[in-house]
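Visitor: This is the structure alone, sequence omitted:
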């Protein structure tokens, strides 16, 4: 039998080199800059070819929590790509891993293994100062609880100004920051709320102001965690319309984490997470019939991760009694999956 030698894994080599360089920098008492991390992530993406042109890249992402000697795998080799300019939703039941993924992508948590990058920033190799800059400049946040989004003693305009003041610098100084705040409030139909404090705003106005705050520093992506969870359906639609507007007019990538099926149906792409992995995607497109009438057509797909794993929906496996094994049969243009009857 002939033996072949597999080529070396260039991705592992690149990871080792990055780790060594980071350690050497730390030993010299230096810090790793945001530009350094962007360059390394870009080089690694080019070497691996996976998601090299995507805004968000999660490659075999693992997060393990240990409590009282018990390990819980919140993410089990999750793969995810999000293109620049997308408006998409992440859905999943409680405990599926979607909140863990959100914490990693927003810089609040660090994965145990795998790789993750946002706008070229390597989320595994950040010191405290770089992580703070990442959260101020690269990503924006809108949480479900308005108390986490807005300071109660500041007006709407002052709340939007605050992230820009914390960032500091920038051309134009205070005048430019005031103009930017006015522009965002105007885009979100909040000009009349400029001088009002959060307690004087409706729930929908508070969340739209929170969107303006998240956009203040011109982030590459805005993450929203159940942004309509405490709102009635009519107000929720206003908030979601605001997300669509900033996506269309500003080109900002928006990722919404939700369990609300109504919200999920409003985006072009919905990714479902189950048991710590991406399980399926729903893609929606607009079609025009012969009478010029538009309709939205949705198609659900099962996803195959980088390790070749496929999660079959329970609606398919349970009626057929599929539990542990299946038989695969390769046809010319498809694969047949049969229950194991042995």
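Guide: Happy to help now that I have it. Since the model is a prediction, treat every value here as computed from it, not as a measurement.

Visitor: show me what contacts the nearest residue to residue 177 once chain neighbours are set aside?
Guide: Leaving aside its chain neighbours, residue 177 sits nearest to residue 164 (4.4 Å; criterion: C-beta to C-beta, 6 or more residues apart in numbering). (C-beta placed from N, C-alpha, C; glycine too.) For residue 164, the residues meeting the contact criterion (C-beta atoms under 8 Å, 6 or more residues apart in numbering) are 170, 177, 180, 181, 216, 217.

Visitor: how about the closest residue to the fifth one other than its chain neighbours, what does it touch?
Guide: Going back to what we said before, that points to residue 216. Closest residue to residue 216 apart from its sequence neighbours, by C-beta to C-beta, 6+ apart: residue 163 at 4.1 Å. By C-beta under 8 Å, 6+ apart, residue 163 lies in contact with 136, 213, 216, 217.

Visitor: Phi first, then psi, for the second one.
Guide: Going back to what we said before, that points to residue 213. Dihedral angles of residue 213 (phi, psi; degrees, to the nearest 10) stand at phi -60, psi -40.

Visitor: Find the centremost residue of this structure, please.
Guide: residue 255 (5.0 Å; C-alpha atoms, centre = their mean).

Visitor: secondary structure class for that one?
Guide: strand (DSSP: H, G, I helix; E, B strand; the rest coil).

Visitor: which of the contacts of residue 164 are buried?
Guide: 177, 180, 181, 216, 217 (16 or more other C-beta atoms under 10 Å).

Visitor: any chance of the residues you listed in CSV, plus secondary structure and distance to residue 233?
Guide: Below are those laid out as CSV (DSSP: H, G, I helix; E, B strand; the rest coil; distance: C-beta to C-beta, whole Å):
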residue, secondary structure, distance to residue 233
177, helix, 35
180, helix, 32
181, helix, 30
216, coil, 28
217, coil, 31
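
Visitor: Greatest separation within these: which pair is it?
Guide: The span of these, defined through C-beta to C-beta, is set by 181 and 217 at 11.3 Å.

Visitor: The residue nearest to the centre of the chain and residue 333, how far apart?
Guide: Plainly put, residue 255 is 34 Å away from residue 333 if you go by C-beta to C-beta, to the nearest Å.

Visitor: can you pull out the strands in the stretch 51-200 of the chain?
Guide: If DSSP state E, counting those that start in this stretch is used as the criterion, the strands of the stretch 51-200 of the chain fall at 56-67, 70-82, 87-91, 113-118, 121-122, 139-142.

Visitor: Tell me which of those lies nearest to residue 237.
Guide: Once those are compared by C-beta to C-beta, strand 87-91 is nearest, at 14.8 Å.

Visitor: about what we covered before: so which of the buried ones among the contacts of residue 164 comes closest to residue 80?
Guide: When the buried ones among the contacts of residue 164 are compared against residue 80 (criterion: C-beta to C-beta), the nearest one is residue 217, at 24.2 Å.

Visitor: On the pLDDT front, check the nearest residue to residue 197 once chain neighbours are set aside for me.
Guide: Spatial nearest neighbour of residue 197, excluding adjacent residues (C-beta to C-beta, 6+ apart): residue 155 at 5.7 Å. pLDDT, residue 155: 97.

Visitor: Fine, thanks again, bye for now.
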